[in-house]
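A.B. asks: Whatever this is, show me its structure:
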Amino acid sequence: SHIRHAWDPTKSVAQNLAEMGLAEDPNKAVPIPRKKLLGMEVESNGQGKKIVRKPYVVNEMEYEASLPEKKSNTLSRDLIDYVRYMIQNHGENYKEMARDEKNYYQDTPKQIKRKINVYKNFYPEEYKDFVASLKQEKMDVQ
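C.D. replies: Residues are numbered from 1 along each chain as shown. All right, here's what the predicted structure looks like:
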């Protein structure tokens, strides 16, 4: 978006990129020392000096690249349903879970326990509510 706002449609691609301090051809690009970029002048290969007129584009792009990436890891709906089914039908008995007919991937008791722990870590509140609702159901049945 920074490039789009700084783009001048009356100039060529090479001229626009040169004004922003970006390379036209990445195969020919040479790393630009940061000190020279801040001085607003960039040396070109044998053509004298080119002036970077829009250095804010590169600075804004560097700033965005330095921001930490937001993790958006989630579990698949199938895994959530699988774990909830196993807990609902077998409680904490992992050996029974391993013998269940819904254990399509033939997970061992340790693998099932690991999947349940992953679910607990990703959705701790949802897990607590789910276990509480199971306990409530058992009390209602008795």
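A.B. asks: low pLDDT regions in this structure?
C.D. replies: For the chain, applying pLDDT under 70 flags the ranges 30-50, 141-142.
A.B. asks: Can you show me the strands along this structure?
C.D. replies: With strands called from DSSP state E, the chain shows them at 41-43, 49-51.
A.B. asks: and the longest helix along the chain, which residues are buried?
C.D. replies: Secondary structure of the chain per DSSP state H: the longest helix is helix 124-141. Going by neighbour count (16 or more other C-beta atoms under 10 Å), the buried part of helix 124-141 is Tyr127. Using the backbone N, CA and C atoms, a C-beta is placed for each residue, glycine as well.
A.B. asks: just stretch 111-123 next, same as before
C.D. replies: So, applying 16+ other C-beta under 10 Å, buried residues of stretch 111-123: 112, 115-116, 119, 123.
A.B. asks: now, which of those residues sits nearest Ala23?
C.D. replies: Tyr123 (45.1 Å; C-beta to C-beta).
A.B. asks: Would you mind measuring from the closest one to Glu62?
C.D. replies: Here Tyr123 is placed at a distance of 36 Å from Glu62 (C-beta to C-beta, to the nearest Å).
A.B. asks: same thing with Ile80?
C.D. replies: Relative to Glu62, Ile80 is positioned 39 Å away (C-beta to C-beta).
A.B. asks: okay, the two: which has more neighbours?
C.D. replies: Ile80 (16 against 11; other C-beta atoms under 10 Å).
A.B. asks: Grab the nearest non-local neighbour of that one.
C.D. replies: Excluding the flanking residues, the one nearest Ile80 by C-beta to C-beta, 6 or more residues apart in numbering is Tyr119, at 6.6 Å.
A.B. asks: State the distance from the one you found to Ser76.
C.D. replies: For Tyr119 relative to Ser76 (C-beta to C-beta), the value is 11 Å.
A.B. asks: ok, now Lys138?
C.D. replies: 28 Å.
A.B. asks: So what are the structural domains in this protein, by residue number?
C.D. replies: 1-66, 77-141 (the TED database).
A.B. asks: Quick one: end-to-end length of the longest one, please.
C.D. replies: Its start and end residues considered, domain 1-66 measures 17 Å (C-alpha to C-alpha, to the nearest Å).
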